[in-house]
Structure formats: C-alpha cells, structure tokens
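Asks: sequence below, structure please.
(chains A and B)
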Amino acid sequence: MTNIAAGQGAFLSVEGLSIRFGGLVAVDAVTFEVREGEVLSLIGPNGAGKTTAFNAITGYLAPSAGEIRFRGARLNGLKPNRIAELGLVRTFQKTSVFGGRSVLENILIGLHLRSQQRPLAILLGLPSVAREERTLETEARRILEFVGLGARALELGSALPYGEQRLLEIAVALAARPQLVLLDEPVSGMNAVETASFMAKLAEIRALGVTVLLVEHDMKMVMGVSDRIVCLNQGRIIASGTPAEIRRDPEVIRAYLGERYARAHG
Amino acid sequence: MKTGLTTLWVGCLFSIPLWMTDPYVLHILVVTGIFIVAAMSLNLLLGYAGQLSLGHVAFFGIGAYASALVSLGFNVQLAPGIVLILDPQPVWCGMLSGVLVSGAFGWFIGKISFRVRGAYFVIVSISFAEVMRLVAVNWVELTQGPMALNNIPPLTLWLPGVGEHVFWKKPENYWLVLSVAVVSYILIRRLVRSRAGRAMVALRENEPLATSVGIDVTRYLVLTTVCSAAMAGAAGALYAHYIRIVDPDVFLFIYTVTMVIMVITGGKGTLAGPIVGGLIFGLLPETLRALAIRPEVQWIVYGVLMILVLYFLPAGIVPAVRQWWQRRRSDAAAVRAST
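Replies: Below is the predicted model:
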C-alpha cells in the first residue's frame, strides 16, 4: 500500500482529482501538493470546488477520478476515521462542535485516538483505565489553555459565543494530534479582532510542527498567513504561487473582480 | 460523601425483604426490577448512542427463551437428517447462554444497521422484534408456540455457607434481581465514563465531527448494541426463571414502549434516569390497582401523568432535579456572598 517513490517530497499530494455530481463537474483534474510544515491556502469564488475537494481528501466524498496520497499512503477509499488515524484531521465550514457536552468533554472526545482503553478493560474497571482518564484530562486542559478557552472548560459547547466555538472546533481537531490539519473557513463570521488573534494562533499551531491546508474567503488573512496559495475557479486550478504572485495574477483578478476590471488594470 | 450516600441507598434497597413481608409487594418489586434492568440497557442505546431501538424487547425475549430452552433442553429437527438435541443444563448455564445469545443478536443488529440511522434504525429494530415474535409463535417444535414453555426451573446456585440453594421464594429472587441491577449499573457507569462512552455520545451529538477525529462510529455502535442486548438478555433470563413460563407475548411491542417510557421520563442519557422512570412507571399501575380505582381510570391516570412529566420536564425527571438542585446551590452561594 505504501509507495515511497510516489510520495517523495510531497507531504500531501493530490493528483488529477475530479469529482462529478451527475453531469456537474465540481472539481476537474486538480493537481497540487502540500509540503511539510507549510501553510497552503485554497482560495476561489463561491462554488469553485474548494470544500468539495476538502471532502474528497478527508474521505467524506468518493472522488470520481484521481489519487490522493498522504506521506506515501493512498487515501482513496479510506473512511474518514482511518484518514484521521493517519494524521490528517479537518474542521467543518459550518460551526461544528458537540453542543450538548462541556467544552472539556469536547476535547476529551477529540483525544479519542490518543486513548488506549480496550472495551474489556473498561468493563472490568481496571486501574489502567482510571489512570489514563486522569492523563487525558490533564492533556485536555493543556489544549484548552493553548487555544485560550481554559476558563470555559465546564461550560456547554453550545453556550459559547460564535468566535469561541470556532476556536473550540480547532482545539478538538488539534486534540486528535494531526500532522496535517485542514481548516475550512475558520474565520468566517469572526470580527476583525477575533480574526487577528486567530492569525496569531495559527502561527503558534504551525510552530508545533503542524502543516496547515486552509480554505478561506478572508483575503487579508490568506495573504497574511499563507506560504503558498492555490486558486480554484469552477473546479479548475487557475493559478498557484506565493501570495505576491497570486495578487498580481490576471486570471485570479478576473475570477474575483470580473473581466472589465482585469482589462482596465491588467 | 457521595459514595457513602450510594452505599446507604443500596443497603436500604437490600434490606427491603427483611421488613417487607408482603409477598405481593415483593413480587411487584421483582418484576419492576427486571424491567429497570431492561430499561437501563435500552438507555445505553437510546440515551447515550442516540439510537431509538423500538424493538428492544426482542433482546429481552431472546434472553428469556434462550435461557429457558437451555435449562429445559430441546430436541429439534433443523433439516431432514439433522437433529439438534440438548439435554437440560443447570439454570446458571441457561442464564449465561441467554446473555450470550442475546449479545450475539445485538452484534448482528449492530452490523446490519451500520448504515441505517434514525428512522431506518427504528424500522429495522421494530421488524426484528416482530420477526422474533413470529418465530416464537410458529416454531412450535422448539418454542411450543402459543402453548408456551412451562415448568421452567428456578435458579439453583451453590452459595457459600448455604450449599445448593434453589431460588423459590420472593425475597431471594428480589436479592438476585437487585444484584444483577447493581452490577448492570456499575458496568454502564464504567462504560459511559470511558473512551467508549464518549465515542457513543459523540455519535449521538455530531456524527461527521466524531469521524473526523478518528472515531470508528460503526465499531462503537456495534459495541453499544452488543452490551445493550446482552444486558436486556440478562433481564429476560431473570424473568424466565422467576415467572417460570415464557410465551411469545414476551415480544409484544407494548413492553418496548414501557421501557422507552421509563427511559424518557426518567431522563435519557443519565445513569439514574431509567431507575427513577422505571420505579415510577413500574410501580404506578400496581399502586393504582391497590387503590381499587376502576381499570379505565387507572390507565387514564397513567397516561396523564406521563404527558405531564414530558410536558413540564421534557429532558426527564433526573436532569430537571439536577438543574433545580444546582440553581438552588448557586442561589445559596450568591446569598452568602452578598451578606
């Protein structure tokens, strides 16, 4: 299953990825790669296929064609939970937390993969289970401190204000100890102050050695945090490069601002 | 403090047969206790994993039939030339088989419902219970059909200091059921306060998010149905050897409804919920009968009380009491702070 040669250099490689819904081609032969340690952003107008590509990479959607490899392992056909086990964890475009559970329990659920308890050991009430539960709680509180939700540990997930719910969402994803985290519009709906503090947080996440693949509409944020940007329009890649290159790219300007603007300023 | 209180509670429950000598009351307590064990097992699926199993009585009935058949022995022709014969086995063996067979069926249901959620799971579970009832009615060679399995032996156990003991009398059956209930409670508590329990709750609260952090939802759904079914099977086995007659009516839909009422009114997804709901709605019909009210009125009172509970305490009795208690405590703290 593991083919080292194919995965060489690339951390995550997406090759010729196509997704069709009946006659509609949502993603059309998209090829890009994410390098270890970088922040790569996927941008594009609404309906460009960013989230669809995300869903295919994380196993929520079966690709119609193409190959997805993460550190050499082929991801096609794997279930989302298997992909998470390999170290690739995502967040969702719409706020998604365990609303009926406390903030701390949200993180404890996120720590699922780090826990070793076997069903029989749980039923027998072995001391190893209790010991691990204490370790997990310490770890959960550490993660909450990291994202700045330490004081909210015992509140219900759904009781948090919107911006903090988005932070909690990312904390849950981080609890699964990803090597590559896929964030789907993490700052949508946040105000300018919250966005700025989130950008600082993203730098810290990166410093932990986590590679980030970002889908985002907020251009200021994208330009500020990304190492590289891939721009999609109508399911195809129209440009890729550094933020400076993307900003100057006529195709990108046309897709975002329209034909006339591009002619006038091109 | 809290464990002390719990021990005191359990001690009280164990002492009941010592001062309560009325066999009728003890009988009601035994039957209610058996239903509470079944309701606790349903709570695991309905309350924690969030899957409404409207065929839960199937596991109860399978446990009852399996346990009764193993302890009575059977002689069935499966196909021409293939005859399955089992000599009567000790009752504890039967009860154990009841638990295991029921758990095996739970595994099967968990597996086939691996893509079925919500309404579809409800339909699968209802059909399953109905199929089981039809098998019990029609496979006369094995189950005696509507003639019922009679003369099921009561449990015989070797007890330290007593020797061979047959569970004929009400008090000892009461203790037996209470012990099984306590063990079930402890097992459920361990389960829900662990990685497995969190995975179940994650499945209930937000399935896509649960899978995104690596929870194998199918695996935990199967684990939940197996545990839940095995526990319901244990309740069924207790029933078979206490009532000592099992007929296809143990698969009736009304019993599932009773369990669901117990779980929902008590508070689904709480440890104490099925116990509180089970005590109220298990003892209520008998209490009303004891008051010598006309039968129609009894059922009206039962229904009205249920509607009132659900209308005023939609989350169930236990969460409502807990909330009230917390508010009272925080109010008291606020008063202390202001003076």
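Asks: name the SS class of residue B:285, please.
Replies: helix (DSSP: H, G, I helix; E, B strand; the rest coil).
Asks: surely it meets residue B:298?
Replies: Yes - the pair formed by residue B:285 and residue B:298 meets the contact definition of CB atoms under 8 Å, at 6.4 Å. All C-beta spots, glycine's among them, are computed from the backbone N, C-alpha and C.
Asks: residues of the longest helix along chain B that come out buried?
Replies: Counting by DSSP state H, the longest helix found in chain B is helix B:217-243. The neighbour-count criterion (16 or more other CB atoms under 10 Å in any protein chain shown) identifies B:217-218, B:220-243 as the buried residues of helix B:217-243.
Asks: surely residue B:154 forms part of a strand?
Replies: No - applying three-state DSSP, one finds residue B:154 to be coil, outside a strand.
Asks: OK, contacts around residue B:95?
Replies: Residues counted as contacts of residue B:95 (CB atoms under 8 Å, 6 or more residues apart in numbering or on different chains) are B:67, B:155, B:234, B:237, B:238, B:241.
Asks: could you check how far the helix or strand hosting it is from the centre of its chain?
Replies: Residue B:95 belongs to helix B:91-112 when assigned by DSSP states H and E. The chain centroid and the centroid of helix B:91-112 are separated by 14 Å under CA atoms, centre = their mean, to the nearest Å.
Asks: next secondary structure after that helix?
Replies: helix B:119-138.
Asks: in the very next helix or strand once past that next one, what counts as buried?
Replies: Following the chain from helix B:119-138 toward its C-terminal end, the next helix or strand by DSSP H and E is helix B:140-143. Neighbour-count burial for helix B:140-143 flags B:142, B:143 (criterion: 16+ other CB under 10 Å).
Asks: ok, now stretch A:127-141?
Replies: Those would be A:129, A:132, A:133, A:136, A:139, A:140, for stretch A:127-141 by 16+ other CB under 10 Å.
Asks: in the chain, which spans are strands?
Replies: Using chain A here. A:12-21, A:24-34, A:39-43, A:65-70, A:73-74, A:88-90, A:180-184, A:211-215, A:228-233, A:236-241 (DSSP state E).
Asks: chain B is the one I meant
Replies: Using DSSP E, strands in chain B cover B:74-79, B:82-86, B:156-159, B:163-166.
Asks: low pLDDT regions in chain B?
Replies: B:1, B:114, B:339 (pLDDT under 70).
Asks: and chain A, by the same measure?
Replies: Short version for chain A, where the test is pLDDT under 70: A:1-9, A:259-266.
Asks: which bits of it sit near chain B?
Replies: Within chain A, the positions near chain B by CB under 8 Å from any CB of the partner chain are A:58, A:60, A:79-81, A:84-85, A:89-92, A:96-101, A:105, A:108-110, A:112-113, A:115, A:117, A:119, A:122-123, A:125, A:129, A:133, A:172-173, A:175-176.
Asks: from these, list the buried ones, please.
Replies: For these, buried by 16+ other CB under 10 Å: A:58, A:60, A:80-81, A:84-85, A:89-92, A:96-98, A:101, A:105, A:108-110, A:112-113, A:115, A:117, A:119, A:122-123, A:129, A:133, A:172-173, A:175-176.
Asks: what number of residues lie near residue A:240?
Replies: 18 (other CB atoms under 10 Å in any protein chain shown).
Asks: ok, now residue B:25?
Replies: Neighbours around residue B:25, by other CB under 10 Å: 17.
Asks: quick one: it from residue B:279, how far?
Replies: 13 Å (CB to CB, to the nearest Å).
Asks: residue A:198 now?
Replies: 50 Å.
Asks: higher neighbour count, these two?
Replies: Higher neighbour count among residue A:198 and residue B:279: residue A:198, with 22 against 17, using other CB under 10 Å.
Asks: right, and residue B:274 touches residue B:263 too?
Replies: Yes - if you go by CB under 8 Å, residue B:274 and residue B:263 touch, sitting 5.1 Å apart.
Asks: identify the contacts common to those two.
Replies: B:39, B:42, B:43, B:47.
Asks: could you dump the residues you listed to CSV with neighbour count?
Replies: Listed next are the shared contacts of residue B:274 and residue B:263 as CSV, based on neighbours: other CB atoms under 10 Å in any protein chain shown:
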residue, neighbour count
B:39, 30
B:42, 29
B:43, 31
B:47, 27
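Asks: can you put those in JSON lines and add distance to residue A:21?
Replies: Below are the shared contacts of residue B:274 and residue B:263 laid out as JSON lines (distance: CB to CB, whole Å):
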{"residue": "B:39", "distance to residue A:21": "45"}
{"residue": "B:42", "distance to residue A:21": "40"}
{"residue": "B:43", "distance to residue A:21": "40"}
{"residue": "B:47", "distance to residue A:21": "37"}
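Asks: from these, pick the one nearest residue A:258.
Replies: residue B:47 (54.6 Å; CB to CB).
Asks: distance-wise, check the closest one relative to residue B:309.
Replies: Taking CB to CB, one finds residue B:47 at 16 Å from residue B:309.
Asks: how about the residue nearest the centre of chain B, nearest residue that isn't a chain neighbour?
Replies: Centroid check for chain B by CA atoms, centre = their mean gives residue B:38 as the closest residue, at 0.5 Å. Closest residue to residue B:38 apart from its sequence neighbours, by CB to CB, 6 or more residues apart in numbering or on different chains: residue B:235 at 4.1 Å.
Asks: so how far is chain A from residue B:284?
Replies: Distance of residue B:284 to chain A, given as CB to the nearest CB, to the nearest Å: 30 Å.
Asks: that residue contacts residue B:299, correct?
Replies: No - the pair residue B:284 / residue B:299 is not scored as a contact, 10.5 Å apart, by CB under 8 Å.
Asks: re the thing from before, look at residue B:274 and residue B:263 and report which has more neighbours.
Replies: Higher neighbour count among residue B:274 and residue B:263: residue B:274, with 34 against 29, using other CB under 10 Å.
Asks: quick one, what contacts that one?
Replies: Residue B:274 neighbours (CB under 8 Å, 6+ apart): B:36, B:39, B:40, B:42, B:43, B:47, B:262, B:263, B:266.
Asks: residue B:145 too?
Replies: Contacts of residue B:145 by CB under 8 Å, 6+ apart are B:136, B:137, B:138, B:139, B:248.
Asks: OK, contacts around the residue nearest to residue B:38?
Replies: B:34, B:35, B:37, B:38, B:41, B:60, B:63, B:180.
Asks: try residue B:189
Replies: Shown in contact with residue B:189 (CB under 8 Å, 6+ apart): residue B:271.
Asks: identify the residues contacting the closest residue to residue B:88 other than its chain neighbours.
Replies: Nearest residue to residue B:88 in three dimensions, chain neighbours excluded: residue B:73, at 3.9 Å (CB to CB, 6+ apart). Applying CB under 8 Å, 6+ apart to residue B:73 gives the contacts B:85, B:86, B:87, B:88, B:89.
Asks: excluding its backbone neighbours, what's nearest the closest residue to chain B within chain A?
Replies: Closest residue of chain A to chain B, CB to the nearest CB: residue A:84 (3.6 Å). Nearest residue to residue A:84 in three dimensions, chain neighbours excluded: residue B:214, at 3.6 Å (CB to CB, 6+ apart).
Asks: the one you found - how many residues pack around it?
Replies: Counted with other CB under 10 Å, residue B:214 comes out at 25.
Asks: give me the number of neighbouring residues for the closest residue to residue B:101 other than its chain neighbours.
Replies: Nearest in space to residue B:101, with sequence neighbours left out and distances taken as CB to CB, 6+ apart, is residue B:66 at 4.0 Å. Counted with other CB under 10 Å, residues neighbouring residue B:66 total 25.
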